[in-house]
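Trainee: sequence first, predicted model second:
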Amino acid sequence: MRDYPYINKNGKKRPQSKEWADIRAEIMCLKTELNLTDKSFRVLTPYDDYKGIEEQIYQTFCKIENGKSRPVWLWQNLIQETYSIEIKDSLENYLLRLIQPNESVWFGVTGTFKERSKIWFYEGKVEAIIKILDEICFFDECYFVSKNYDWLICNNHHDILMATGKDMPQKLKAIENVAKNKG
């Protein structure tokens, strides 16, 4: 589990929590600084039916009890076969083996403020998302979801990488097996 204040590999610090507006503003500032176009990374808006996308993610991957609110920590409620490993290398190395670098995915990051959590959703290409992740580390969890809802990958606050859905658990297990055989 990360200690706070967390310092990422580029020396940037993150306190234990930030306000939601700050989190989104920081992501959008980085998008500008990194010269990322809307085609490579963008925030989902009501016009994109982000609530429908979020609901489809919940319906496809999570156990939801009737009458209960939607879980923010999706990884605690996954219903399909799941495989998990502790991240011992950079997240980027795993992502580039699991997802095509130029593939466009749904990307979600969690933020907590005053004991309330939310997932903010974006659409982006994996290579653009990695550029943003290299610069900051401010969220508790992040999710990568196939735009066809075939699979979901989660990196949680315990530095555990989880994969569920079509072929992803097997791919993650194969990556781990290769790493074990090298070591």
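Mentor: Looks like it came in fine. What you are looking at is a predicted structure, and each value in this text was computed from that prediction instead of being measured.
Trainee: and the strands in the chain?
Mentor: 6-7, 13-14, 41-43, 82-86, 104-113, 116-125, 142-146, 151-155, 160-165 (DSSP state E).
Trainee: using CSV, please lay out the ones you listed together with mean pLDDT.
Mentor: Below are those laid out as CSV (pLDDT from 0 to 100):
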stretch, mean pLDDT
strand 6-7, 54
strand 13-14, 54
strand 41-43, 93
strand 82-86, 93
strand 104-113, 83
strand 116-125, 85
strand 142-146, 94
strand 151-155, 95
strand 160-165, 94
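Trainee: for residue 59, give its distance to residue 52.
Mentor: 10 Å (Cβ to Cβ, to the nearest Å). The C-beta positions use only the backbone N, C-alpha and C, and glycine is treated the same way.
Trainee: ugh, typo on my part, it should be residue 63
Mentor: 20 Å.
Trainee: against residue 54, how distant is residue 60?
Mentor: Counting by Cβ to Cβ, the gap from residue 60 to residue 54 is 11 Å.
Trainee: typed the wrong thing, it's residue 34
Mentor: As defined by Cβ to Cβ, residue 34 lies at a distance of 25 Å from residue 54.
Trainee: show me which of those two is the more surrounded one.
Mentor: Higher neighbour count among residue 34 and residue 54: residue 54, with 17 against 14, using other Cβ atoms under 10 Å.
Trainee: what is the neighbour count of residue 63?
Mentor: 10.
Trainee: need phi/psi at it.
Mentor: Here is the backbone geometry of residue 63 (degrees, to the nearest 10): phi -90, psi 120.
Trainee: contact partners for it?
Mentor: By Cβ atoms under 8 Å, 6 or more residues apart in numbering, the residues touching residue 63 are 77-79.
Trainee: so which of those sits lowest on pLDDT?
Mentor: The member of these with the lowest pLDDT is residue 77, and it reads 82.
Trainee: what's the nearest residue to it if we skip its chain neighbours?
Mentor: Sequence neighbours aside, residue 62 is the residue nearest to residue 77 in space, at 4.3 Å (criterion: Cβ to Cβ, 6 or more residues apart in numbering).
Trainee: the one you found bridge partners, please.
Mentor: Beta bridges link residue 62 to residue 78 when assigned by DSSP bridges.
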